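A.B. asks: Here is my input; please provide its structure:
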Amino acid sequence: MKNKIILIENREQAEYYINNADKFRNFFPTALVFEAEELLSRKGVIFKTDEDYEADRIFDNVYNSCLKKTEIIIDKVKFYYKKINLAHLLYADIFRFLAYFERNRIVIEEILRVESPEEIAVFESDKIGGAFDILKFLSEDKIRVIKLEKDEKNEKNINYLAGAVQKIAAKNIVNFSNKKKIFFSGSRTLFEPLVSELIKNKNNLLVRSHMNLQKSWFSGKKYIPFYQLSGFSGKRTNKDIEDIERNFAVNFSDLENKIIKNIIWKMLNEKFNLAMNIIDELECLAMKRKIDLFILDDGADFFQKLVINVCNIYGIPSIILQHGLISGEAKSIGDYVLAFGEKSKEKYIKFGFNPDEIIIVGAPQYDSFCFRDKNTNRNKKILYVVDAVNNEELIAGHHLTKKCQKEILKSLFRVMKKDFPDYGLVIKGRKNWDLNGLIDYVAKEEKFTNYSFFIDADKDELLSSADAVIIHYTTMGIEAMLFGKPVISYEFRGMEKWNVFSRMKNVKFAYNEKELGEAIKRSINEKQDGEKIRKILESELYKLDGKSTKRAVSFINGILSK
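C.D. replies: Residues are numbered from 1 along each chain as shown. This next block holds a predicted model:
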């Protein structure tokens, strides 16, 4: 019998395959995502995964090649809505999509090369850049398309209702307040120190905002409303839309790669209408003087760029708050950047930021660490903090793939079982990470039970009680050092250039199981040099004096008083 394969990209497809096993008895399954792999394994199905085709360093060139392609696309696609080039707003989205597409393309081409299938069964999907999209161009003559009926869920309606209620409340607060209205967008962990200080001024109203539904919160006894910028349709005419589509088609006509051209068209077509709706809503707020300042994290994504473009048009100052140590590219956005320190400033300048607009304040989110007692007791606990990036946002060669995540877990479980049986392993996951289930899955394979897994646990408590902390390059490595804990980075050849901890001499690196065991042994036996660690941290974070928030607030107050 000639080789036939079926590609499975999600749990629903895996369930369909299992329930129709007779129908596909001549097709060998390959699971391309963990949720499909987990279900197939639980049901006793023999299958392959994307990892079986992921050779070492196969993704080395993904980041740089996709960056170049993004620049080409952005350069070719130019059209405007209310003086804003909509294509430029999507730089980060296009880059992430291309990286997602390129990773899938490399794996699927490798599957085709290795298996040389006579026929490939693939599920029809409107998912941009997935297996169906790619195979239509790579091997259309060999495809058998499987159609699934969509199960409509009401979760979206529930979220819409919750967002609408929050928005009405926030809108009333904003409309009837005579205070300085400071909108901000970013995580609570990043912004809470700043918000808590700014809200002390009775003339300030702090409003959390984003296009996606998020939570409001209380700072002390003061309510911080959430305003969802979901957009509303403005006064666009049919001619406006026709002009945009015509301009899009003309500028896209000479893109060479027909796969990318087709998929980018689908992606941008979805995003442009959303962008125009949000621009209209922001414009309405700006014209009514309902925003005095907008502070955003340094993600430089679609929403950040959109906000800053509107702010620029209406003379509303915008400030970018650095979130973590810079490991990749950073595009110049915002009027000002509140940076960690000189090394970060050098990076921002390299990426095109004006030196006069980069204000070094330190890291407000770490102020509270400066006054905490260091727990130096030996608790016989090792903490592993996962680097959690979801599948569709993962840039292969820059972030850890599922295969890399498995390698770390297997090495860690084997080392703990063999060399540190009297130590407990604590693993910190992340809410909504699509690989949270991987920990139990691999532990079961390795017959390892001496571990605890947490998603929402107090990370300060986890760090404080750990004898050593293992990471890849999550920012929790900085927090571990602030707690005076030894840090180990499990790394992969070719990925070191992205690891910000590679320039910190106190961090131990491990590339395999043996080196990991040695690094843990040294870490738990060596006494930490607090002064050395402090100097290393201050080379990145300016000053560990607990006053970063006050420096940031002082600068913000100066902007508001102009």
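
A.B. asks: Only C-alpha atoms from now on, for both contacts and neighbour counts.
C.D. replies: OK.

A.B. asks: Show me what the nearest residue to K142 once chain neighbours are set aside is bridged to.
C.D. replies: Among residues not flanking K142 along the chain, E119 sits closest, at 4.8 Å (Cα to Cα, 6 or more residues apart in numbering). Beta bridges link E119 to K4, judged by DSSP bridges.

A.B. asks: So E119 sits against I143, correct?
C.D. replies: Yes - if you go by Cα atoms under 8 Å, E119 and I143 touch, sitting 6.0 Å apart.

A.B. asks: Who are the contact partners of the spatially most central residue of the chain?
C.D. replies: With distances taken as Cα atoms, centre = their mean, V389 lies nearest the centre of the chain, 5.6 Å away. Contacts for V389 were tallied using Cα atoms under 8 Å, 6 or more residues apart in numbering; they are 399-400, 433.

A.B. asks: Looking at neighbours, which among those is most surrounded?
C.D. replies: L400 (22 neighbours; other Cα atoms under 10 Å).

A.B. asks: Next, that one: phi, psi?
C.D. replies: Main-chain torsions, L400, degrees, to the nearest 10: phi -80, psi 130.

A.B. asks: ditto for F123
C.D. replies: Torsion angles, degrees, to the nearest 10, at F123: phi -80, psi 130.

A.B. asks: Please apply the same query to the one 4 residues further on.
C.D. replies: Backbone torsions for K127, taken as degrees, to the nearest 10, come to phi -70, psi 120.

A.B. asks: cool, and Y53?
C.D. replies: Per degrees, to the nearest 10, the backbone of Y53 is at phi -120, psi 10.

A.B. asks: ok, how many other residues are close to it?
C.D. replies: Considering only other Cα under 10 Å, Y53 is surrounded by 18 other residues.

A.B. asks: Give me the pLDDT value at it.
C.D. replies: pLDDT, Y53: 98.

A.B. asks: mean confidence for the helix or strand containing M267?
C.D. replies: Using DSSP states H and E, the element containing M267 is helix 258-287. Mean pLDDT, computed over helix 258-287, is 83.

A.B. asks: Then stretch 483-503?
C.D. replies: On average, stretch 483-503 scores 93.

A.B. asks: Ok, stretch 8-15 next?
C.D. replies: 97.

A.B. asks: How far off centre is that stretch?
C.D. replies: 24 Å (Cα atoms, centre = their mean, to the nearest Å).

A.B. asks: Could you check it and say which residues are buried?
C.D. replies: Of the residues in stretch 8-15, those buried by neighbour count under the rule 16 or more other Cα atoms under 10 Å are 8-15.

A.B. asks: do stretch 174-181 as well
C.D. replies: 174, 180-181.

A.B. asks: now these in a markdown table, with pLDDT?
C.D. replies: Shown next, in a markdown table, are the buried residues of stretch 174-181 (pLDDT from 0 to 100):
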| residue | pLDDT |
| --- | --- |
| V174 | 89 |
| K180 | 96 |
| K181 | 97 |
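
A.B. asks: Among these, which lie within helices?
C.D. replies: Secondary structure from DSSP state H places V174 of those in helices.

A.B. asks: The buried residues of stretch 8-15 in strands, which ones?
C.D. replies: I8 (DSSP state E).

A.B. asks: Including distance to S185, could the buried residues of stretch 8-15 go into CSV?
C.D. replies: Output for the buried residues of stretch 8-15, formatted as CSV (distance: Cα to Cα, whole Å):
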residue, distance to S185
I8, 36
E9, 33
N10, 31
R11, 33
E12, 34
Q13, 36
A14, 38
E15, 39
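
A.B. asks: So which of the buried residues of stretch 8-15 are in helices?
C.D. replies: Using DSSP H, the buried residues of stretch 8-15 in helices are 11-15.

A.B. asks: Return the member of the contacts of V389 nearest to R503.
C.D. replies: Set against R503, the nearest of the contacts of V389 by Cα to Cα is H399 (18.4 Å).

A.B. asks: Could I get the phi/psi values of that closest one?
C.D. replies: phi -110, psi 170.

A.B. asks: Now for it: which residues touch it?
C.D. replies: V389.

A.B. asks: Likewise for H398?
C.D. replies: Counting by Cα under 8 Å, 6+ apart, H398 has contacts 63, 495, 498.

A.B. asks: What about those residues, which one has the most neighbours?
C.D. replies: In those, the most neighbours by other Cα under 10 Å go to Y63, 20 neighbours.
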